[in-house]
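Trainee: after the sequence you'll find the predicted model.
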Number of protein chains: 4
Amino acid sequence: MIRTAVLGATGYTARELLNLLLRHPEVEITALTTRKDSRLHVAEVHPSLRGRLDLVLENLSPQEVAERADCVFGCLPHGASAAAVSELLAADCRVVDFSADYRLNDPQVYAKWYGVEHPDPGRMPETVYGLPELYRDGIRGAKLVANPGCYPTAAILALAPLLKQGVISPHGIVIDAKSGISGAGRSPKANLHFPEANENLTAYNIGGHRHTPEIDQVLSTWADVETNVIFSPHLIPMDRGELITAYADTTKEITTEGLLEVLRTFYSAEPFVRVVEHFPGTKDVAQTNFCDITVCQVNGKAVVVSAIDNLVKGASGAAVQNFNLMYGFSETLALL
Amino acid sequence: MIRTAVLGATGYTARELLNLLLRHPEVEITALTTRKDSRLHVAEVHPSLRGRLDLVLENLSPQEVAERADCVFGCLPHGASAAAVSELLAADCRVVDFSADYRLNDPQVYAKWYGVEHPDPGRMPETVYGLPELYRDGIRGAKLVANPGCYPTAAILALAPLLKQGVISPHGIVIDAKSGISGAGRSPKANLHFPEANENLTAYNIGGHRHTPEIDQVLSTWADVETNVIFSPHLIPMDRGELITAYADTTKEITTEGLLEVLRTFYSAEPFVRVVEHFPGTKDVAQTNFCDITVCQVNGKAVVVSAIDNLVKGASGAAVQNFNLMYGFSETLALL
Amino acid sequence: MIRTAVLGATGYTARELLNLLLRHPEVEITALTTRKDSRLHVAEVHPSLRGRLDLVLENLSPQEVAERADCVFGCLPHGASAAAVSELLAADCRVVDFSADYRLNDPQVYAKWYGVEHPDPGRMPETVYGLPELYRDGIRGAKLVANPGCYPTAAILALAPLLKQGVISPHGIVIDAKSGISGAGRSPKANLHFPEANENLTAYNIGGHRHTPEIDQVLSTWADVETNVIFSPHLIPMDRGELITAYADTTKEITTEGLLEVLRTFYSAEPFVRVVEHFPGTKDVAQTNFCDITVCQVNGKAVVVSAIDNLVKGASGAAVQNFNLMYGFSETLALL
Amino acid sequence: MIRTAVLGATGYTARELLNLLLRHPEVEITALTTRKDSRLHVAEVHPSLRGRLDLVLENLSPQEVAERADCVFGCLPHGASAAAVSELLAADCRVVDFSADYRLNDPQVYAKWYGVEHPDPGRMPETVYGLPELYRDGIRGAKLVANPGCYPTAAILALAPLLKQGVISPHGIVIDAKSGISGAGRSPKANLHFPEANENLTAYNIGGHRHTPEIDQVLSTWADVETNVIFSPHLIPMDRGELITAYADTTKEITTEGLLEVLRTFYSAEPFVRVVEHFPGTKDVAQTNFCDITVCQVNGKAVVVSAIDNLVKGASGAAVQNFNLMYGFSETLALL
């Protein structure tokens, strides 16, 4: 049994993670933290977990966490996360970090997009990016895994194989992204107040969203080309689900079937990527760790559509998949 | 042209009111107030009104408002509202007050339910309750009208005629009420955050909602019986709309048709109450000032169902209807 | 491994059931039926199950099903279900029947409410009603279990212990019920078309819903009193979730705490009923087999609120709970 | 008073149109048609109109309609519409046609995308396209106006001025479009059933939607360039509202401010287009005839975002705007 702790256990990704971990036969949940001192029971914070888990949320130091846990899932905001992670690793914990702190390799890119200096820059380039479909070998046995952002997961899974095969151009890629509102977190905000967000549809942060450099870095590094994507996120009036519609110039004459074949070949052995021949809906993957992808060729562009549940494959399911790989468990454990 | 001002113009009822007043041929909107000093343009507060109205929200005193306006619509919270109202009346303005301050007649009941002493108790019993279907004559020519609460509007219209005719008992009346979330106002709150409220359904404040004494007072006074209703509100994952399902013992053998006939007779000349023979949906009355009502007899109880738009007939539409009556305009002006 | 089949596998309850059975360690899914001959793969009917289950929906006779399965979950409509059930039992299958066919004991009540003669009336009174909280002993080892309706589950769990203890009166009970729209099934209908049902709220079938006699029968039989409930269902614009607000006269002076204590005592050992002291939301129990219940005393009435997921505790989760009891497995297997 | 009729009065655009016409001081509604013989009262078909309009839906011939009406709004499907339109014009009616029949100029393009021969090809090239912002002069005094599609309205308003000014390239334009579900009409369909469409997000018909040639024709003709847009529509779980996010290469160094200035200049005198500097939400324009547009420059592309209400500016509001122009009324009559 792996003793596991969850840092920052008040949000939606933490709740989703706890639901998954409660089903995991090799996991014992031993600590939940929060940065408040109110010592609320987990059932007060997450009423759906009443009767499932008898723990209080505590304001614990990394050292205190390390005494109780072998593996830590970090659901803290960027900045705060890196500070805790370096102490946890020093105390011999393994860590799956949900924050953006170890996703980027370059401290200067981090400083530009996140507006702060990285507290632990040396570890940035060596940390594996937790997308098993691209970096499975590096995740196996890793001490620290940077769990990907939700948008990057869906966008990279859609584009990476096509870029690597050279059938689409790295120039001028457009990623039109749509997300359910749980992706924006649990803190009430004016624009996420129900009567504002419901029956409404908006774009936000076009050209300025922090997932942009993450997508570019992973696509560029992994496919060995330089991309400079245009990333346009939109808020959709639904709880969960994320859909990416990506547009890229094809580099040669290629049919829809040819594009599909590139995806099918690449993902043929993947347990959680399903290449489909219809336009997938987010509901097809809701509450699951699947990513459904399709592609079609229109007027010289490949139009790739991928769907995930932002809280599962886009966050907590991916974290459990990474955990399974880190510890050598079956990759699908607790996820099917 | 009646020069009109709106106090507390940042919320949903104020926005709805402005939309109606902009269509009203006898109204000029001359001032909008807020209790902040930020002097935002109305289009920044209500983007939908961009290009429709060129006013800044100002932190004005009642005296300053009175210089610019003949009639004032007060969308302030209880307590704050009464303070402003007495000054406005002294300055010879007419007022339609959306707050609860002048709905109740009894200062002690007010103190018990609202937790504060009323600042202007003498005016409470003499203020007319702005439900035209019950108090049209009193509203005509009034200087001050207490605009009803949304739940009381739907509940009283459903029950009052049946009580007055004596076909239902005043004892043990149950009012199971369901409201869209705009009824809870525009301030973000944890339970109204989209991912909490969406796909969710909860009861709240059963037995303790402040609209309870308002319903009891109006039903008891108007129908000359003493009621003590059980009022159970519920939050429904939709923007607007309110449905009341009320249950009362019938006092004698009476059929569904007999109950319907009582309602039809009472409302036969009403421009905004439609007695129907199907179960009305809130969408039938959305964006309108109508109240659709039906009733059926089941196992010795009358089950009355009424539907309104909480922001129109439950607030701003009713206010305009009252305004029309106060000034002698056609009652339906700007409302059809 | 129990070989299991699902009859009528195209709907929402069947999909939910398959999701649960796929997690069940003692179950092998061996056949899915439909009454059409199109032989669609389950992934075409339920895209979310792609890659999870490799079966085709077949138009099989009960005999063909019996050759492949030890236990059958029947998701057929009433009437059609009883015809299949009697043949399956004759062929030595065990059956969990989702239809209404074996819930009622009295063929005449069935004929009145369902408008047809029951094809297998003799088996009606002897079939156990599959609500483990009331009939656990009868379910253990049963060959046939009548899985309860969704509304009856939430209503009976709310009222039964209070009735049995005699703290509420059986006369004049009002059950105001609210359900998400998946409860109405998967067939498109005019009133369930998204732009009709969304942002809408309606009552339907007040006094005439077929779950009424089911509630009355179980409450009356189990608590040994005669009830004649007024049952008012409402459609709520959300996918899943059901909330019951029930109103009953208290028979004596009793506080909210006293009422809660009756519920706590009765449900103290139940794995899936949580008595809570706040008003539960349907989201607290979404995607789970839990029923959250609370009660308060208002003006001489007990107001009981219970929340379930209509597709889980209200249908497929209850079916798996029954299956576990029938076969002597842990009652919570595949359900936590 | 202009006597007006509505053909095909059962759908959402017809209902929206009736709501607008009921407010129009120069309009008398004299006939409503349907192609069924059931003679339902309009209040049975549109419960929200009860008490507003006392007409029966009749299965009338174009000749019968022409006897009662000066101007006809046609809400019939393509094909059926052209057949009626030519007879109505022959009988001296004026017509605003909501169908696609007279939007395209080229019968061969029509045949390719709509799968049928056009019944009245001669009139196609001479019919004015009813987008006042581009073709106001042609609409004034016209006998027949082809009311634009909802997606083309939002897409063309977003792109036309930028194309005309030559600041964006006509090659490789991507239009990622998102629509509320009322855009798909009132007929129940499996994918529009509430529990399928709610909490779901899908792309559909990418590269194959019939609005594609309409957008290309109008952009190409009006801006005198040849476009070949990639049009990707998506279904959003909300009633109404449409958002276009369009991507086009800029032809030269130009800033966001420079792009905005092109739009501001072009639309400076337009009553219903608002150029804004934030990302507009569909709720900002819900229930109005406004189109809110913004643009920004990202990595060498102009990203244009426009929002309309698909039932108002995307259908019935545009029709009333066209009607006002045809008859020389104030263009905003009944629309503000």
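Mentor: Ah, there it is. Numbering: from 1, shown residues only, chains lettered A, B, ... in the order given.
Trainee: where do the helices sit along the stretch 51-200 of chain A?
Mentor: For the stretch 51-200 of chain A, the helices defined by DSSP state H, counting those that start in this stretch occupy A:62-68, A:80-90, A:107-114, A:132-139, A:150-164, A:194-197.
Trainee: and the pLDDT for the spatially closest residue to A:Thr265 that is not a sequence neighbour?
Mentor: Distances taken as Cβ to Cβ, 6 or more residues apart in numbering or on different chains place A:Pro161 nearest to A:Thr265, at 7.8 Å, with adjacent residues excluded. Where you see a C-beta, it was placed from the backbone N, CA and C, and this is true even at glycine. pLDDT, A:Pro161: 98.
Trainee: so who does A:Pro161 touch?
Mentor: A:Val262, A:Leu263, A:Thr265, A:Phe266, A:Tyr267 (Cβ atoms under 8 Å, 6 or more residues apart in numbering or on different chains).
Trainee: where does the first one fall, phi/psi-wise?
Mentor: Per-residue torsions, A:Val262: phi -60, psi -40 (degrees, to the nearest 10).
Trainee: next up, the contacts around it.
Mentor: A:Pro161, A:Leu162, A:Gln165, A:Val167.
Trainee: scan these and report the most crowded one.
Mentor: In terms of neighbour count, A:Pro161 stands highest of the contacts of A:Val262 at 27 neighbours, by other Cβ atoms under 10 Å in any protein chain shown.
Trainee: domain ranges for chain A?
Mentor: A:2-126, A:150-310 (automatic domain parsing).
Trainee: and the residue of the stretch 201-336 of chain A found nearest chain C, how far from C:Ile29?
Mentor: Taking Cβ to the nearest Cβ, chain C has its nearest neighbour within the stretch 201-336 of chain A at A:Asp284, 4.3 Å off. According to Cβ to Cβ, to the nearest Å, A:Asp284 and C:Ile29 sit 20 Å apart.
Trainee: spell out the secondary structure type for the residue at the greatest distance from the centre of chain A.
Mentor: Centroid-distance maximum for chain A: A:Glu253 at 33.4 Å, with Cα atoms, centre = their mean. The three-state assignment at A:Glu253 reads coil, by DSSP: H, G, I helix; E, B strand; the rest coil.
Trainee: and the stretch 51-200 of chain A, which of its residues are near chain C?
Mentor: Residues of the stretch 51-200 of chain A found near chain C (Cβ under 8 Å from any Cβ of the partner chain) are A:Gly51, A:Arg52, A:Glu199.
Trainee: kindly recompute the last result at 7 Å.
Mentor: Residues of the stretch 51-200 of chain A lying close to chain C by Cβ under 7 Å from any Cβ of the partner chain are A:Gly51, A:Glu199.
Trainee: which residues of the stretch 51-200 of chain A lie near chain D?
Mentor: Looking at chain D, the residues of the stretch 51-200 of chain A close enough under Cβ under 7 Å from any Cβ are A:Val174, A:Asp176, A:Lys178, A:Glu199, A:Asn200.
Trainee: quick check: the fourth one touching D:Asp239?
Mentor: Yes. Distance between A:Glu199 and D:Asp239: 6.2 Å, which falls inside the contact criterion (Cβ atoms under 7 Å).
Trainee: hey, what's in contact with both of those two?
Mentor: Common contacts of A:Glu199 and D:Asp239 (Cβ atoms under 7 Å, 6 or more residues apart in numbering or on different chains): C:Glu199.
Trainee: just to revisit the earlier point, can you tell me how far the residue farthest from the centre of chain A is from A:Val167?
Mentor: For A:Glu253, the distance to A:Val167 - Cβ to Cβ - is 10 Å.
Trainee: what's the answer for A:Leu263, then?
Mentor: Note on A:Leu263: its distance to A:Val167, by Cβ to Cβ, is 10 Å.
Trainee: what residue ranges in the stretch 151-300 of chain A score low on pLDDT?
Mentor: Counting by pLDDT under 70, the stretch 151-300 of chain A has no low-confidence residues at all.
Trainee: now the strands for it?
Mentor: Taking DSSP state E, counting those that start in this stretch, the strands of the stretch 151-300 of chain A run over residues A:174-179, A:202-203, A:230-235, A:242-249, A:273-275, A:291-298.
Trainee: looking at those strands, which is nearest to D:Ala66?
Mentor: strand A:291-298 (43.5 Å; Cβ to Cβ).
Trainee: tell me which residues of the closest one are tucked away?
Mentor: Counting neighbours by 16 or more other Cβ atoms under 10 Å in any protein chain shown, one finds that the buried residues in strand A:291-298 are A:Cys291, A:Asp292, A:Ile293, A:Thr294, A:Val295, A:Cys296, A:Gln297, A:Val298.
Trainee: in CSV, list those along with distance to chain B.
Mentor: Compiled in CSV, these are given as follows (distance: Cβ to the nearest Cβ, whole Å):
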residue, distance to chain B
A:Cys291, 21
A:Asp292, 21
A:Ile293, 25
A:Thr294, 27
A:Val295, 30
A:Cys296, 31
A:Gln297, 36
A:Val298, 33
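Trainee: taking these together, which two end up most distant?
Mentor: Across the buried residues of strand A:291-298, no pair lies farther apart than A:Cys291 and A:Val298, at 21.8 Å, counting by Cβ to Cβ.
Trainee: single out the most deeply packed of the strands of the stretch 151-300 of chain A.
Mentor: strand A:174-179 (a mean of 27; mean count of other Cβ atoms under 10 Å in any protein chain shown).
Trainee: ok, so what distance separates A:Leu17 from A:Asn310?
Mentor: For A:Leu17 relative to A:Asn310 (Cβ to Cβ), the value is 13 Å.
Trainee: so where does the nearest residue in space to A:Val27 that is not next to it in sequence fall, helix or strand?
Mentor: Counting by Cβ to Cβ, 6+ apart, A:Leu21 is the residue found nearest to A:Val27 once chain neighbours are left out, at 4.9 Å. Using DSSP states H and E, A:Leu21 sits in helix A:12-22.
Trainee: ok, how many other residues are close to A:His171?
Mentor: 14.
Trainee: next: A:Glu257.
Mentor: Counted with other Cβ under 10 Å, A:Glu257 comes out at 12.
Trainee: let me see the contact set for it.
Mentor: Taking Cβ under 7 Å, 6+ apart, one finds nothing in contact with A:Glu257.
Trainee: and the gap between it and chain D?
Mentor: 14 Å (Cβ to the nearest Cβ, to the nearest Å).
Trainee: with A:Asp284 instead?
Mentor: 8 Å.
Trainee: how about that residue, what does it touch?
Mentor: A:Asp284 neighbours (Cβ under 7 Å, 6+ apart): A:Asp292, A:Ala307, C:Pro47, C:Ser48.
Trainee: who in the stretch 101-250 of chain A is up against chain B?
Mentor: A:181-182, A:186, A:188-190, A:192-195, A:197-199, A:239.
Trainee: D:Glu67: which of those residues is nearest?
Mentor: Closest to D:Glu67, out of all of those and judged by Cβ to Cβ, is A:Glu199, at 41.5 Å.
Trainee: contacts only, for the closest one.
Mentor: A:Pro237, B:Asp239, C:Glu199, D:Met238, D:Asp239, D:Lys283.
Trainee: pick out whichever of the residues you listed sits closest to B:Ala9.
Mentor: Relative to B:Ala9, and with distances defined as Cβ to Cβ, the nearest of the contacts of A:Glu199 is D:Lys283, at 18.3 Å.
Trainee: next, count neighbours for that closest one.
Mentor: By other Cβ under 10 Å, neighbour count at D:Lys283 equals 24.
Trainee: next one: A:Ala84
Mentor: A:Ala84 has 24 neighbouring residues, counting by other Cβ under 10 Å.
Trainee: contacts only, for it.
Mentor: Taking Cβ under 7 Å, 6+ apart, one finds A:Leu7, A:Pro62, A:Gly74, A:Leu76 in contact with A:Ala84.
Trainee: measure it to chain C for me?
Mentor: 30 Å.
Trainee: could you do A:Val128 as well?
Mentor: For A:Val128, the distance to chain C - Cβ to the nearest Cβ - is 26 Å.
Trainee: list the contacts of that residue.
Mentor: So A:Val128 contacts A:Tyr135, A:Gly138, A:Ile139, A:Ala142, A:Val145, A:Ala146 (Cβ under 7 Å, 6+ apart).
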